[in-house]
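Q: can you look at this prediction? I've put the sequence above it.
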Amino acid sequence: MSVPKVYVSLPIQEAGLEVLRGKVDYKIWDGEGAPNRDDLLRDLKDVEGLLSGLPVRVDSELLDAAPNLKVVSNYAVGYDNIDVKAATARGVCVTNTPDVLTPATADLTLALILASARRIIEANAFLRSGDWKVWAPELLVGREVSGSTLGVIGMGKIGQAVARRAKGFDMKIIYHDANHSSDAEQTLGAKYVTKEELLKESDFVTLHCVLNDETRNLIGEKELKTMKKTAILINAARGPLVDQAALFKACSEGWIWGAGLDVFVKEPVPLDEPLLTLPNVTTVPHIGSASRVARDGMARVSASNLLDAVSGKRPTNLVNVEVWKN
C-alpha cells in the first residue's frame, strides 16, 4: 500500500523527522531560506501534506498547485504566512505549534527587556572597542526594571508567561486585549486597561498579539507619542505590528527611550534598515523560539499535525476547525 507524499519546506530537527520516518514519503528542503518558488510549486503537484514555515507564502497560487493537499502544517505558532481563508475554501487543514515555544519566547522577551533597559548590547560594544578607559558614575546608565510597570498588549499564553516572569522582578502588570483574562487578573494581579492608558502608564510595552488586518501597524506615530519618554517598546511577536519608520523617529528623536526587537517587517532585516543604526535599539534575528527544547518540540508537533491530517485523523492543533467534518 502506498504511503502519503509530503513536502517539508525547511530543514526541521531530527525530532520531527523521526515522527514522519516510515509513515510518509517525504521530500525535505535542506537549503537556506525558502525553496525557489517555481520549484516548490512543481514539487507540490502530488503531495498530500506540506510542513512549512514563515519563509514560505501559502496563498491561492500554491494551494492551486497542490490539488491533493490535505494539510498545511505550520512550523510556528503564528500563521500570518498562510491564507487560511483560501485553504479552508479548498478543504485544506491549517495547523500550528502552540504551547511548546511559549517558555522560550517569554524568556527571550524578558531578555530584551533587560538588555534594552541596561544597555547590554551597547555596553558590550563599548568594552570590546577599547573605549572603556575608566569607571564613571554616569557610564552607560540605564533604566530600572525592578518595580517598573509592564504593559502587555495581547494577554494570551505568551503574554501571560512574560507577565509571570515579570512578577519575579516585582513589576506592576497592566494589559490590553480583545478579551479580559481572568487567569492573569487572579493569579498575576494584572489590571485590564485601555490601549491608550497602557501606553501612557507603562515603562515597558511588550507586544504579544497575532498579526492580522486589525493589528497591522498597531504601534505607529500616534501610539509612540502617547508613550512615556522613558519607555521602552518590546516586540517579539510579528514585525508588521509596528510602523518601523515611526519607531525610528521615536527612538532617534527621543519620543521614547528605546526598543528591543526580535522581529521586523521584512526578514531577514536589510542591513540598511535605519533602526540598525541606533544604539538605543536592541536587535536580534527572530530567535524567540530558538531554544533546543522549543525547536525540537515545534518539529515534533508540526510533524504530528501533518501525519494526523494525511492519515484521516483530526490534528490536535487545527486552526481552521470549520474545515473538519466529523
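A: Noted; the coordinates are in hand.
Q: okay, the residue nearest the centre of the chain and K200: tell me how far apart.
A: Of all residues in the chain, the one closest to the mean position by Cα atoms, centre = their mean is A237, 3.5 Å from it. Between A237 and K200 the distance is 21 Å, computed by Cβ to Cβ, to the nearest Å. For every residue, glycine as well, the C-beta is placed using N, CA and C.
Q: now do E221
A: Going from E221 to K200 by Cβ to Cβ gives 16 Å.
Q: just V265 next, same as before
A: 26 Å.
Q: now swap in K249 and tell me
A: Applying Cβ to Cβ to K249 and K200 gives a distance of 19 Å.
Q: T316 too?
A: Distance of T316 to K200, computed by Cβ to Cβ: 41 Å.
Q: and these two? which has more neighbours close in?
A: Legend: neighbour count by other Cβ atoms under 10 Å for T316 and K200, higher for K200 (14 against 11).
Q: and the pLDDT at the closest residue to the more buried one other than its chain neighbours?
A: Excluding its sequence neighbours, the residue lying closest to K200 (Cβ to Cβ, 6 or more residues apart in numbering) is T226, at 5.9 Å. pLDDT for T226: 98.
Q: likewise for A166?
A: Among the per-residue scores, A166 holds a pLDDT of 98.
Q: wait, isn't it in contact with T149?
A: No. When contacts are counted by Cβ atoms under 8 Å, A166 is not listed as touching T149 (9.7 Å).
Q: spit out the residues that contact these two alike.
A: With contacts taken as Cβ atoms under 8 Å, 6 or more residues apart in numbering, the residues that reach both A166 and T149 are I173.
Q: tell me the contacts of the residue nearest to the centre of the chain?
A: If you count contacts by Cβ under 8 Å, 6+ apart, A237 has them with 78, 154, 158, 207-211, 263.
Q: now do R164 against V152, distance only.
A: On the measure of Cβ to Cβ, R164 and V152 end up 11 Å apart.
Q: low-confidence stretches in this structure?
A: Residues of the chain meeting the criterion pLDDT under 70: 1, 326.
Q: secondary structure class for the residue nearest to the centre of the chain?
A: Counting by DSSP: H, G, I helix; E, B strand; the rest coil, the backbone at A237 sits in coil.
Q: now L207: how far from H176?
A: The spacing between L207 and H176, counted by Cβ to Cβ, is 10 Å.
Q: what of G31?
A: For G31, the distance to H176 equals 41 Å [Cβ to Cβ].
Q: and for L278?
A: According to Cβ to Cβ, L278 stands 26 Å off from H176.
Q: try L50
A: Separation of L50 from H176 (Cβ to Cβ): 35 Å.
Q: touching, D80 and D213? I think so.
A: No. Using Cβ under 8 Å, D80 makes no contact with D213, being 10.2 Å away.
Q: more neighbours: which of these two?
A: Neighbour count, other Cβ under 10 Å: between D80 and D213, D80 has more, with 16 against 5.
Q: what about the more buried one, which SS state?
A: Criterion first, three-state DSSP; result for D80: coil.
Q: ok, and the closest non-adjacent residue to it?
A: Among residues not flanking D80 along the chain, L211 sits closest, at 4.3 Å (Cβ to Cβ, 6+ apart).
Q: how about D83?
A: Leaving aside its sequence neighbours, D83 sits nearest to D59 (Cβ to Cβ, 6+ apart; 4.9 Å).
Q: equivalent analysis for W257, please.
A: The nearest residue in space to W257 (Cβ to Cβ, 6+ apart) is T230, at 5.0 Å.
Q: residues near the one you found, how many?
A: Residues within reach of T230, counting by other Cβ under 10 Å, total 12.
Q: that one and R164, how far apart?
A: From T230 to R164 the distance is 24 Å (Cβ to Cβ).
Q: for this structure, what's the longest helix?
A: The longest helix of the chain (DSSP state H) is helix 292-310.
Q: report all helices and strands that it contacts.
A: helix 14-20, strand 49-52, strand 71-74, strand 93-95, helix 102-117 (3 or more Cβ pairs under 8 Å, 6 or more residues apart in numbering; DSSP states H and E).
Q: all strands of the stretch 101-250 of the chain, in order?
A: With strands called from DSSP state E, counting those that start in this stretch, the stretch 101-250 of the chain shows them at 149-153, 172-176, 191-192, 204-207, 232-235.
Q: in JSON lines: these, plus distance to G130 and mean neighbour count.
A: Formatted as JSON lines, the strands of the stretch 101-250 of the chain follow (distance: least, Cβ to Cβ, whole Å; neighbours: other Cβ atoms under 10 Å):
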{"stretch": "strand 149-153", "distance to G130": "36", "mean neighbour count": "25"}
{"stretch": "strand 172-176", "distance to G130": "40", "mean neighbour count": "22"}
{"stretch": "strand 191-192", "distance to G130": "47", "mean neighbour count": "16"}
{"stretch": "strand 204-207", "distance to G130": "32", "mean neighbour count": "27"}
{"stretch": "strand 232-235", "distance to G130": "28", "mean neighbour count": "28"}
